[in-house]
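> Predicted model follows, preceded by the sequence.
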Amino acid sequence: MTLTSRPKSRLRLPPNKHQVKQELAQDVAHFLARGGSVEQVEQGETALVNGCFNQQRPAVASQVQTRTLLSSQVDAIEKRKEERRLPKPIPTPIKTNRRPTKKWIYDDFGEPLRWVWA
């Protein structure tokens, strides 16, 4: 299958810049055809009041939130942390059988000579 014979994707692609410009020009032409008018504005003019942004801040009515004390939970967390910091207790040594065992004695060449009780 070659690239030219591949069927076109059915996904809708976003419009490119040329298409956006054409659509905007059509919208403006339609607006003017219905009797709309475009007002020319001098360069540097703004819609700001006295050249400033709106200085009034919106009032946000918020209720005072009540706080729940969690001191008992905090104490429990701190206690667990402290337990982790402490060294672990050394377990009692396992009792081993203290019977003597046989042990081989080797010479310089690795040959066994005899065994001894250790």
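Now that the structure is in, tell me what you want to look at. Numbering: from 1, shown residues only.
> check contacts around the residue nearest the centre of the chain.
Closest residue to the average C-alpha location of the chain: residue 77 at 25.6 Å, with CA atoms, centre = their mean. Residues near residue 77 by CB atoms under 8 Å, 6 or more residues apart in numbering: none. (C-beta placed from N, C-alpha, C; glycine too.)
> Alpha carbons of the strand or helix carrying it, as PDB, please.
Secondary structure from DSSP states H and E places residue 77 in helix 71-85. This file holds the C-alpha atoms of helix 71-85, laid out as PDB (Å, rounded to 0.1, in the frame of the first residue of the first chain):
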ATOM      1  CA  SER A  71      -3.600  17.800  69.100                       C
ATOM      2  CA  SER A  72      -4.400  14.200  70.000                       C
ATOM      3  CA  GLN A  73      -3.700  13.000  66.400                       C
ATOM      4  CA  VAL A  74      -0.500  15.100  66.300                       C
ATOM      5  CA  ASP A  75       0.700  13.600  69.500                       C
ATOM      6  CA  ALA A  76       0.000  10.100  68.200                       C
ATOM      7  CA  ILE A  77       2.000  10.800  65.000                       C
ATOM      8  CA  GLU A  78       4.900  12.200  67.000                       C
ATOM      9  CA  LYS A  79       4.900   9.200  69.300                       C
ATOM     10  CA  ARG A  80       5.100   6.800  66.300                       C
ATOM     11  CA  LYS A  81       8.000   8.900  64.900                       C
ATOM     12  CA  GLU A  82       9.900   8.800  68.200                       C
ATOM     13  CA  GLU A  83       9.400   5.000  68.400                       C
ATOM     14  CA  ARG A  84      11.000   4.600  64.900                       C
ATOM     15  CA  ARG A  85      14.000   6.800  66.000                       C
END
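> where along this protein do the strands fall?
With DSSP state E as the criterion, the chain has strands at 102-106, 112-117.
> Would you reformat those as CSV and include mean pLDDT and mean neighbour count?
Shown next, in CSV, are the strands of the chain (pLDDT from 0 to 100; neighbours: other CB atoms under 10 Å):
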stretch, mean pLDDT, mean neighbour count
strand 102-106, 90, 9
strand 112-117, 89, 10
